[in-house]
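Engineer: need the 3D shape of this:
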Amino acid sequence: MDAFNTTANDVLTIERSVPHTVLPEQDTPGGSIFLSSIDNAALTIISTVYAFDRSDANVKLGVQFVEASADCRIENLGSIQIIDPDLAGKLVYRDPTENMLEDGPLLTVQVTKFKCGGFTLGMAIHHCMVDGVGAINFMNSWAELARGKSLFLIPYHDRTILKSRVPPQIRGPYDDFVRVSDVSDITASFEREQIVYKSFHFDADKLETLKKMITTGGQEMSSCSNFVALAALVWRARSMALKMKPHQLSKLLIAFDFRLKLRTSVPEGYFGNALLAPSCLCTAGELIDQPISSATGKINKAIERVTEDYVRSSIDFFDTYHYDPYSVSSLLISSWLRLDYSCIDFGWGGPRQLGTGNPLLNLCLFMRDESKNKKGTVVALGLPLSAMNTFEELVRI
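Structural biologist: Numbering: from 1, shown residues only. Purely as a prediction, here's the structure:
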């Protein structure tokens, strides 16, 4: 279990150039691009950092671009899967106008060169443009062009394919649309305490132990996936660590890529957000008092609920009611386990690590654990200090 490498942040000194904009070779087409209700629900900036080993090549980058140099070796950064916000501020350029959607840049890039010859590629991209799958496709395409290749995957920009139906056809009700009030003073604990971000490593042995805990002892489940088992563990532990009152509604949302559910209408290369968040809802008392297999059962049912009809109905609902499903009393789990960044090759091999620098307070990330050549999962999230100490004990296996 790893906390932030605060030492790296303390000693890292960055010299950063003045930002300048590199214009495209050809004029950008005029007009506007329709944003779906799903795009409009993702009005936030996502910071990512790609760490590359030594390169003797010069990188040619576009959009708003910053060059920087660091006074240490890239190894001094340690793990960058989840980065201290102060350290992320050194490796990712954030434009002061970024929160002004009509005026701020949709993408900024910073290349930071280290003494060893390695470098990081820090990006701040507006989530309304793209989700994780689209972002990886963009990076792969950029790398292909940098190597002089033709684009393997042509981006598809017509987002009207995810317009709501006329008239809307909302089927439900779904737990996804239930508003969760904070009756446990959770918001105040986030405001008055230091927020601590930590990552927890679950190797194959720990995952197998967890699944045996869930599926044995006369409990309800005969089998479950690694993802479902970890999601249940994190959901229960977070609810307990935040001292939710028994009657507090505890909501788990699962970021779900529905491209394959709409295979006939969402083409390969779709550049936009194709994510929904099917949810599980129960009281904290029910979640904590019942065996963990009860939580895994709820999660499985939520995932199984995602059909084409569910996707279309949800889009109709969001377009009609402009509903924001997120709050600090809810937990959103986003899995990066299937995001293959290893092929992002600008000419000297793929990145050694991928990390994020601005996780939301209600967000938990699942990422691949590539330490010690063991297959496993890294769980990363932020909590108030007192809650994090409790959470760390609860997820110890």
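Engineer: hey, let's count contacts and neighbours off CA atoms from now on
Structural biologist: Noted.
Engineer: domain-wise, how is the protein divided?
Structural biologist: Listed domain ranges for the chain are 2-160, 173-352+359-394 (source: automatic domain parsing).
Engineer: need the ones you listed in CSV with distance to P167, mean neighbour count and mean pLDDT, can you?
Structural biologist: Formatted as CSV, these follow (distance: least, C-alpha to C-alpha, whole Å; neighbours: other C-alpha atoms under 10 Å; pLDDT from 0 to 100):
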stretch, distance to P167, mean neighbour count, mean pLDDT
domain 2-160, 15, 17, 84
domain 173-352+359-394, 9, 18, 90
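Engineer: and of these, who's closest to V166?
Structural biologist: Closest to V166 of the domains of the chain, according to C-alpha to C-alpha: domain 173-352+359-394, at 8.8 Å.
Engineer: so how far is that closest one off the chain centroid?
Structural biologist: 10 Å (C-alpha atoms, centre = their mean, to the nearest Å).
Engineer: can you give me the helices in the stretch 251-397 of the chain?
Structural biologist: For the stretch 251-397 of the chain, helices defined by DSSP state H, counting those that start in this stretch occupy the ranges 284-289, 292-304, 308-321, 385-394.
Engineer: out of those helices, nearest to S79?
Structural biologist: Using C-alpha to C-alpha, those put helix 385-394 closest to S79, at 18.7 Å.
Engineer: quick one: contacts of that closest one?
Structural biologist: Here helix 385-394 makes contact (C-alpha atoms under 8 Å, 6 or more residues apart in numbering) with E193, Q194, I195, V196, A237, R238, M240, A241, L242, G382.
Engineer: got a markdown table for the domains of the chain, with distance to V166 too?
Structural biologist: Shown next, in a markdown table, are the domains of the chain (distance: least, C-alpha to C-alpha, whole Å):
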| stretch | distance to V166 |
| --- | --- |
| domain 2-160 | 13 |
| domain 173-352+359-394 | 9 |
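Engineer: ok, back up a step: out of the helices of the stretch 251-397 of the chain, nearest to K261?
Structural biologist: Of all these, it is helix 308-321 that lies closest to K261, at 5.6 Å by C-alpha to C-alpha.
Engineer: who does the residue sitting nearest the centre point of the chain bridge with?
Structural biologist: Geometric centre of the chain, nearest residue: S334, 5.1 Å, by C-alpha atoms, centre = their mean. Counting by DSSP bridges, S334 forms beta bridges with L365.
Engineer: that one: what's it in contact with?
Structural biologist: By C-alpha under 8 Å, 6+ apart, S334 lies in contact with I254, A255, F256, L363, C364, L365, F366.
Engineer: ok, these vs T283, which is closest?
Structural biologist: I254 (17.6 Å).
Engineer: I'd assumed L332 was in contact with that closest one.
Structural biologist: Yes: here I254 reaches L332: they are 5.8 Å apart, a contact under C-alpha atoms under 8 Å.
Engineer: now list whatever residues contact both of those two.
Structural biologist: Residues touching both I254 and L332 (C-alpha under 8 Å, 6+ apart) are A277.
Engineer: can I get the CA coordinates of stretch 272-280 in CSV?
Structural biologist: Coordinates of the C-alpha atoms in stretch 272-280 are reproduced here as CSV (Å, rounded to 0.1, in the frame of the first residue of the first chain):
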residue,chain,number,x,y,z
GLY,A,272,-16.6,11.4,-27.5
ASN,A,273,-18.0,10.1,-24.3
ALA,A,274,-19.6,6.7,-24.5
LEU,A,275,-19.9,6.1,-20.7
LEU,A,276,-22.8,5.6,-18.4
ALA,A,277,-22.7,4.9,-14.7
PRO,A,278,-25.1,2.1,-13.7
SER,A,279,-25.5,2.2,-9.9
CYS,A,280,-26.2,0.2,-6.8
